[in-house]
Structures are given as structure tokens and as C-alpha cells.
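Undergrad: just need the structure, nothing else, for what follows:
(one chain, ligands or ions: 1)
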Amino acid sequence: MSTTLYWFRNDLRLHDNPALAQAIAQSDALLPVYCLGSASAMHNGDPRWGAMQASQHRQRVLLDSLIDLDAQLRALGSALTVVPGPPADILPKLGAALDTRVLHCETIVASHEQEEVRQLGLAGMAVSSTWQSSLYAPEALPFDVSDLPPVYTRFRQLLAKAHTQQAAPLPVPAQLPPLPKAVHGYATVNLAQQLQHLGTLAPEPRASVPYLEGAFAGGERAALAHLARYFASDLPPNYKATRNGLTGTAFSSKCSMWLASGALSVRQLAAEIDRFDARVGPNEGTEWLRLELLWRDYFRFLHLQHGAKLFRYRGLRDKVAPLHHDPAQFTLWSLGRTPEPLVNAAMRELLATGYMSNRLRQVVASYLIHELRGDWRAGAAWFEAQLIDYDVYNNQGNWLYIAGMGTDPRGGRRFNVQKQARDYDPDQSYQRLWQQV
Ligand SMILES: Cc1cc2nc3c(=O)[nH]c(=O)nc-3n(C[C@H](O)[C@H](O)[C@H](O)COP(=O)(O)OP(=O)(O)OC[C@H]3O[C@@H](n4cnc5c(N)ncnc54)[C@H](O)[C@@H]3O)c2cc1C
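TA: Below is the predicted model:
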């Protein structure tokens, strides 16, 4: 038993946090810490796509999540220390001041995040990391992750056939180890001041995820309250019928922001679906919602299987045609100034709110890749900067899939924008809604 650090990376929660549970079990004193200069907090886009940084929407949700986490830690006799720089600069110094090299955290298998851990190792830290972001544990799968089927449908069929079981979510810890003795010589961030620096954001009445309202705010407590509200409503059985909606709070589950920031554990969500089904009976709404959570798992396992290759332009392909990425066209796309009104409306919604429906994410991604012949990584970087639900695995996986650079043998996904507008916005009300930002 000893003094250790717990490094909050993506999962900003106390419930169902196996890495934190392990840190608690192995520590006499524990310093929970968050680095504002970490890959999970910042925009990691390639500067080739222009200077991008995390949008005010994304920053606000992160700050709200951290403030909530700190409040919850304080209620358990601890507190969150927030530091400004990259982990490899700061955590080894903190460790030295506390006379410890032991650092617990969750595992993240994306390029920048893996590099962070490598750098910490080089700086002498003993990093103990735990995989926890998928619904199914990799070792519960009916195959080795290296044999992940190249097609999602096959993946879910194999899991269904094997009756693969998800682990039950862990409860919130009853108590945290005390904080180590006060250490000095490093700067910390005051979250309330940080919020002030961000400035006042005007509420957007058209937002599908109005994160400035308490009910949709970042953080674990709002996430769990949303879960309770959602499953007490009549929305879940209608999920399949409404999930292709374009605007409003009532289509699709609206869990992504909290799942992406780890304020909500996917196992907690799945357990809630189980309870709902036990009460209401099996229904196609929650059955379909589960299938979306499996997409989420699929992209996680794809990253475990292929790692950094997924971040190359050619992805998993051997050969690809030369690129014709036009930065001027890309800028017009990102600002919603293309010849396509539906694409423009969606891109303006993204800019104004940090959210866009799944249907429209597919349409705008396809338009950039297949009509403008843009580099899919630029689109992924723009989404990374803007989205309040930015999730490295889901974002990379979906862009790769639409570009046809992943494992799917059918190639990319090309959407006919005008047909999509006729099918999903027949009265053009969505396009009118976002004519102006
Ligand atoms: C180009 C592109 C980029 C995307 N980038 C992200 C991203 O950065 N972060 C993100 O969470 N989702 C991303 N998605 C997936 C999807 O659009 C969002 O998860 C969904 O719109 C969020 O709203 P919701 O929670 O109401 O979804 P629901 O329909 O209620 O789905 C429930 C949950 O299932 C998961 N899910 C749903 N659809 C997908 C999918 N296609 N792939 C993987 N998981 C899925 C999400 O965790 C979601 O919260 C992207 C999709 C595309 C086409």
C-alpha cells in the first residue's frame, strides 16, 4: 500500500470505473488528477487542416464535467487536482513531489493517447492501466480481438450466438483514500476561473442537446439523471422509429455526450436497458439501441486490433487513388457554404451547437469525401474540434467506414444528398431552421 496518482483521462465518473476501483484498493493515499493539456482534452488534429482547436461547446462540456467530478470527489473526502500541461510534463513532477512513481489510469488505444503513456514510462512512471470503455470486455468475446470480423454484422452475430455476457457496472466507491500531504511547486487550474475565461455562451433554442440547460449539462450527475428520465419516458420503445430524426431532444437517446466524456458508463446504460426490458417487455426500440452500442464496441475493438494504422489516409487499404484535397472547398464545407442546402444546414447546426444527428453526420461526411474528394482525416479533425460528443473511436471508425478505408469489403458509403433531403427533410423544415446561424 502506498501513495499513488489516479489520472482521469477520458472517463470522468465515479460509477463503474474499474481503473479507479483498482487505484483505491491499492492506495493508502490517492491524488486524483486531470491534465488540461492531455489528448482527451485537446484537439489533436493535424495542422495541415488549418489551426483547429476545441470549440467553446466542447470546452464548456469538459469544464462542467470536471466541476461535477470534483464536487463528487469532495463528497467522498477527496478532490480533483487539475493541472494545465501535458501529462508527461506534469505527472512525473507530481509523482516526485509525492515520492511515488505509481500512476493508475484507464487504457485508451488511440495514437496520441498511447504516446502519452509511452512518454510517462520514459519519464520513469509505473503506469497501471485498465481497459474499461467497451460494453463487452475483450476477454469475454467469443474470438481473439486479432480475429475481429471485418464486417460489423458478422461481429454482432457471433456475439449473439455465443450469448456473450456483459459485466455488471461497479457501484460508486463508498469512500476514497485521503489525499496525500499537500505538495507545492506546480501550477493548478481553478475550474471556476477557467469557466469565466471561456466567456458567456448564449443558449441556442434550436439545439438538440442544449448542454447549457441543467438537464443536458456535462458531468456524471446530469448523465445519470438523464438516464433515469429517458427510461421513465415513452421514448425507448420508439427509438428505432425515431432514431433517424434530424432535430429536437426527443429523437435518439442523446446519451452520446456523456458516453463520450465517460460521465456515463456504457455498462450502466446497458443495465438500464435490461431493467427497462424486464419491466416493459422486449421491444424493438431497446433492441435497436443495443445494436448501436455494439457499433460503439466494434469501433473500439477495431482500434485494439489495428491501432495506429487507422489514423493513416489509406487506413487499412494497401493502395488508394491520389488525393485531391482542396483546402478552400474544405473551408466552405466546414462553414456550411456548399451548393447543397442540407449539408449547409447540418454544418451550421454543428457550429452553433456542437451536435448533429447521426443521419446528417453520414450525409456531410459522404459529401466531403465522395463529392468534394476531400481528405476524410480533415473532416474527422473538424468533427473532433466541434463535437460535444467527440469520441476518438466512434469518430475515427465512422469516418474510416464512410471513406471505405476500414475493414468493410463493400468499400465506402456514398449518400445521395438530394435523396436524403427528400427522405428525411421532405418539407425542408430542417433546412429552414438552420438557414441562418
Ligand atoms: C462521420 C461520423 C462521425 C461520428 N462521430 C462520433 C463521435 O465523435 N462520437 C460519438 O459518440 N459518435 C459519433 N458518431 C456516431 C453517431 O452519430 C453518434 O453517436 C450519435 O449521433 C449520437 O447521438 P445519440 O447518443 O442520441 O445516439 P443514439 O442513436 O441514441 O445511440 C446511442 C449510442 O450508441 C452509440 N452509437 C450510435 N451510433 C453509432 C455509430 N454510428 N457508431 C458508433 N457508435 C454509435 C453512441 O455511443 C450513442 O450515444 C459519428 C457518426 C458519423 C457518421
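Undergrad: with just CA atoms, put stretch 353-368 into CSV.
TA: Output in CSV follows, covering the C-alpha atoms of stretch 353-368 (Å, rounded to 0.1, in the frame of the first residue of the first chain):
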residue,chain,number,x,y,z
THR,A,353,-24.5,23.7,-31.1
GLY,A,354,-21.6,21.1,-31.2
TYR,A,355,-24.1,18.4,-32.1
MET,A,356,-25.5,16.9,-35.3
SER,A,357,-27.8,13.8,-35.8
ASN,A,358,-26.3,10.5,-37.0
ARG,A,359,-28.2,10.7,-40.3
LEU,A,360,-26.6,14.1,-41.1
ARG,A,361,-23.1,13.1,-39.9
GLN,A,362,-23.3,10.4,-42.6
VAL,A,363,-24.5,12.8,-45.2
VAL,A,364,-22.0,15.6,-44.6
ALA,A,365,-19.1,13.1,-44.3
SER,A,366,-20.1,11.4,-47.5
TYR,A,367,-20.3,14.8,-49.2
LEU,A,368,-16.9,15.8,-48.2
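Undergrad: how about it and the ligand, touching?
TA: Yes. Judged by CB under 6 Å from any ligand atom, stretch 353-368 and the ligand are in contact via 357, 358, 361, 362, 365. C-beta coordinates here come from the backbone N, C-alpha and C atoms, glycine included.
Undergrad: next one: the third one relative to residue 82, how far apart?
TA: Translated: residue 361. Distance, residue 361 to residue 82, by CB to CB, to the nearest Å: 31 Å.
Undergrad: of all of the stretch 101-250 of the chain, which residue lies closest to the ligand?
TA: Residue nearest to the ligand within the stretch 101-250 of the chain: residue 243 (4.9 Å; CB to the nearest ligand atom).
Undergrad: look up the closest residue to that residue, ignoring the ones flanking it.
TA: residue 252 (4.9 Å; CB to CB, 6 or more residues apart in numbering).
Undergrad: can you pull the pLDDT of that neighbour?
TA: pLDDT recorded at residue 252 is 96.
Undergrad: turn the residues of stretch 353-368 next to the ligand into a markdown table, columns for neighbour count.
TA: Shown next, in a markdown table, are the residues of stretch 353-368 next to the ligand (neighbours: other CB atoms under 10 Å):
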| residue | neighbour count |
| --- | --- |
| 357 | 21 |
| 358 | 17 |
| 361 | 21 |
| 362 | 17 |
| 365 | 24 |
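Undergrad: what's around residue 251, how many residues?
TA: Neighbours of residue 251 under the rule other CB atoms under 10 Å: 20.
Undergrad: quick one: it from residue 237, how far?
TA: In this view, residue 251 and residue 237 are 14 Å apart by CB to CB.
Undergrad: name the element residue 6 belongs to?
TA: strand 2-8 (DSSP states H and E).
Undergrad: what does that strand contact?
TA: With contacts defined as CB atoms under 8 Å, 6 or more residues apart in numbering, strand 2-8 is touched by 19-20, 23, 26-35, 69, 80, 87, 91, 94-95, 98-100, 102-105, 180.
Undergrad: in helices only, show me those residues.
TA: Counting by DSSP state H, the contacts of strand 2-8 place 19, 20, 23, 69, 87, 91, 94, 95, 98 in helices.
Undergrad: contacting residues around the nearest residue to residue 433 once chain neighbours are set aside?
TA: Setting aside the residues directly before and after it, residue 433 is nearest to residue 206 in space (CB to CB, 6+ apart), at 5.9 Å. Going by CB under 8 Å, 6+ apart, residue 206 touches 247, 349, 352, 353, 433, 434.
Undergrad: got a winner among these for most neighbours?
TA: The residue in these with the most neighbours, by other CB under 10 Å, is residue 349 (25 neighbours).
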